[in-house]
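Okay, predicted coordinates and the sequence, questions at the end:
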Amino acid sequence: MNNPLLFLVTSARSITSTSTIRFHEKDPFHKGDHYCQVPNRSIIELEGPEASKFLQGLITNHMPAISHGGDGFYAAFLTPQGRMLYDTFIYPVNIGLNFPHPKYLIDCPTTTKLAFIRHLKRYMLRAKLTLRDCTEEYTLWNIWGNALGDMGSHPELVKKEKRLSDIGCFDPRIPGYGYRAILKNDQDIQHALPVSDKFEELDASEYTIRRMLHGIPEGSDDLWPEVSLPLESNFDYMNGVDFRKGCYVGQELTIRTYHTGVVRKRIVPVQIYKEGDDVPDKQYVDRHIEYPSTLHPQNEVKLVQGSSKRGVGKLCSGIHNIGLALMRLEHVQKSLEFPDIEFNVADQPSIRIKPFLPEWWTEDPKFNQEEE
């Protein structure tokens, strides 16, 4: 039997190949020039002459890309079996125009911060490194809008005058998504904003709404420790994996999946609605709706129609009437072609979800058709 339209891993995006994809906001409230704090993240400082080498053996991305300073990047820490542990951004601490010594700030999920610190200490052994939690010293910001222009099209630039902050990066997960800045608490965010009189601060909850509308997973409710796989979590599409680098913890399964060529499940954005409501035909957020308290990460998603007891996905996190879910792509594609196909949550038949495919995955998605 034919499997319809399974996404090939080889259609994974890269910063250089996708700079032509035009980014647009999903919600009118997010249009224009804005900034907000990034919620539920902590900051860990790692410093020492062996810091770059140490991180290179633990993460999915390539440390030489940032070891001389400049913008940070996105990376995952994996189990030896290749399962997700922690989603992180790693930033060089740029001092002046140069990068005099290896010192990095790592932004990681607050919910797993203590476990993350223990994980790093487990591998440090006698390495010449110092590690400390400096969350209370910094504030993490997300900046986006037209005022950034095409600055994010060249993330390799390391000169101070080309950066918005000494510590930060243009978010590599989606071209045009914005800038991620780490500022000392005594630093004014206004000094990091591009010259514009139109910037408006939004509540931190808008960061969550915006990333869910665009299908971006973040934190342990979306990326389940010791369960999720990096490619099913879109780390290849979000520039979080360098497939050319040498050995690191968890590399074997990640590389094997990449060369096998097919990822059958991925995290996608979903709409939440009730039985009897019209099936949503587009993504939108209704801030008056409270996200159902009975929905939890890893709740099983099933087809409403049909007698199969097999689940077709699992919920991640959500807010209001939107969320994320790990879904089998063949069912996502079918539901877009045939709107009468509906999904519900196991043991909660009155709650329905509608999945969508993120537009930023690739300009021209490649599909693979296999026989089973």
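That came in fine, so what should we check first? Numbers count the residues shown, from 1 in each chain.

Can you pull out the low-pLDDT segments for the protein?
Applying pLDDT under 70 to the chain picks out residues 1-21, 95-100, 150-162, 307-308, 362-372.

Please give me every residue in contact with Gly149.
For Gly149, the contact set (C-beta atoms under 8 Å, 6 or more residues apart in numbering) comprises Pro194. For every residue, glycine as well, the C-beta is placed using N, CA and C.

Not counting sequence-adjacent ones, nearest residue to Ser52?
Ser67 (4.4 Å; C-beta to C-beta, 6 or more residues apart in numbering).

quick one: the strands in the stretch 151-300 of the chain?
Remark: strands assigned in the stretch 151-300 of the chain by DSSP state E, counting those that start in this stretch are 168-170, 179-184, 200-201, 265-274, 300-303.

Of these, which stretch is the most buried?
Each of the strands of the stretch 151-300 of the chain was scored by mean neighbour count; the highest is strand 168-170, a mean of 24, by mean count of other C-beta atoms under 10 Å.

Give the partner strands of it in its sheet and their orientations.
strand 179-184 (antiparallel) (DSSP bridges).

For Pro194, find the nearest of the strands of the stretch 151-300 of the chain.
strand 179-184 (9.0 Å; C-beta to C-beta).

okay, that closest one in CSV with CA atoms only?
Output of strand 179-184 as CSV, limited to C-alpha atoms (Å, rounded to 0.1, in the frame of the first residue of the first chain):
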residue,chain,number,x,y,z
TYR,A,179,16.5,38.6,17.0
ARG,A,180,17.2,36.9,20.4
ALA,A,181,19.1,39.2,22.8
ILE,A,182,20.6,38.6,26.2
LEU,A,183,21.0,41.8,28.2
LYS,A,184,22.3,42.4,31.7
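
Quick one: distance of it to the chain centre.
With C-alpha atoms, centre = their mean, to the nearest Å as the basis, strand 179-184 stands 17 Å off its chain's centre.

Same question for stretch 227-237.
Counting by C-alpha atoms, centre = their mean, stretch 227-237 comes out at 9 Å from the chain centroid.

Do me a favour and get the end-to-end distance for it?
Using C-alpha to C-alpha, to the nearest Å, the end-to-end distance of stretch 227-237 comes to 19 Å.

what comes up buried for that stretch?
Ser228, Leu229, Pro230, Leu231, Glu232, Ser233, Asn234, Phe235, Asp236, Tyr237 (16 or more other C-beta atoms under 10 Å).

Where does the residue nearest to Ser52 fall, secondary structure wise?
Under DSSP states H and E, no helix or strand contains Ser67.

Sketch out the helices for the stretch 51-200 of the chain, chain order is fine.
51-56, 113-124 (DSSP state H, counting those that start in this stretch).

which of these sits most buried?
Ranked by mean neighbour count, these are led by helix 51-56 with a mean of 20 (mean count of other C-beta under 10 Å).

Now do that helix: everything it contacts.
Outside helix 51-56, the residues that reach it (C-beta under 8 Å, 6+ apart) are 46, 48, 62-64, 67, 90, 102-104, 123-124, 127, 129, 245-246, 248.

Could I get the strands of the stretch 151-300 of the chain in TSV, plus columns for distance to Asp222?
Below are those laid out as TSV (distance: least, C-beta to C-beta, whole Å):
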stretch	distance to Asp222
strand 168-170	20
strand 179-184	17
strand 200-201	25
strand 265-274	7
strand 300-303	14
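
and of those, who's closest to Leu58?
The nearest among the strands of the stretch 151-300 of the chain, by C-beta to C-beta, is strand 168-170 at 19.0 Å.

Go ahead and measure how far that closest one is from the middle of the chain.
So, by C-alpha atoms, centre = their mean, the centroid of strand 168-170 is 14 Å from its chain's centroid.

if we can go back for a sec, quick check: the residue nearest to Ser52 touching Lys103?
No - using C-beta atoms under 8 Å, Ser67 is not in contact with Lys103, being 11.0 Å away.
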